[in-house]
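**Student:** I'd like to go over a predicted model; first the sequence, then the structure.
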Amino acid sequence: MKENLKQIEKRMVDAVDAFQGELLKLRTGRASLAVLDGINVEYYGAQTPLAQVAALSLPDPTTIAIAPWEPKVLGEIEKAILRSNLGLTPNNDGKVVRLSIPALTEERRKELVKVAHTVAETARNEIRQIRRDGNEGLKRMEQNNEISEDLMHDGQEQVQKLTDTYVGKINEILEKKEAEILEV
């Protein structure tokens, strides 16, 4: 049973980590390299992650610099950024692509907070699904006479405590992100 609980907790930790990764992709008023995660560039006929074809840096808080290893990739980098729907326009000086992160309007901030809440609800649902799977596993163990009914109930209580803990972590992370987005 302990092994089962460890697996449940690991899945919950992974769900919280995935949630944090999704929140990093939300653009706030500051530059973050995480907004470029998931952008792939056509490179020698293959879709390649942007970070593998260029050096990414933050020269100042509102700018992202993308210096490709090979200058001929500049055009493909620009196309990939425009296709990504980030709402950012790349500036190409022949050697480096620069992305200026504009200040967010109040309306856009509120939209981003709504998106963050949606992402958080998805993460909470994933935690609840893990709880459901864990409880079903405990019931199967009890039906197969691997554990007693009392142990099953104890295990379900522990699973609920884990669920409460990780849903709480998601809520804390969401609060911090919301404050960061609304920060002027």
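**Tutor:** Received it, and whenever you're ready, just let me know what you need.
**Student:** who touches stretch 10-30?
**Tutor:** 32, 34-35, 37-38, 61-62, 86-87, 101, 103-104, 112, 115-116, 119-120, 122-123, 126-127, 130, 162-163, 166, 169-170, 173-174, 177, 180-181, 183-184 (CB atoms under 8 Å, 6 or more residues apart in numbering). Heads up, the C-betas are built off the backbone N, CA and C, glycines and all.
**Student:** below-threshold pLDDT in this structure: ranges please.
**Tutor:** 27-29, 184 (pLDDT under 70).
**Student:** now do residue 54 against residue 106, distance only.
**Tutor:** 33 Å (CB to CB, to the nearest Å).
**Student:** who has more neighbours out of those two?
**Tutor:** residue 54 (23 against 9; other CB atoms under 10 Å).
**Student:** dump the residue contacts of that one.
**Tutor:** Here residue 54 is in contact with 66, 67, 68, 69, 73, 77, 97 (CB under 8 Å, 6+ apart).
**Student:** the residues you listed, buried ones only, as a ChimeraX selection?
**Tutor:** Entered in ChimeraX, the line below selects the buried ones among the contacts of residue 54, by 16 or more other CB atoms under 10 Å:
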select :66,68,73,77,97
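**Student:** now the two most distant members of the contacts of residue 54.
**Tutor:** 69 and 97 (12.8 Å; CB to CB).
**Student:** next structured bit after the longest helix anywhere in the chain?
**Tutor:** Across the chain, the longest stretch assigned as helix under DSSP state H is helix 106-143. Past helix 106-143, further along toward the C-terminus, the next helix or strand under DSSP states H and E is helix 149-182.
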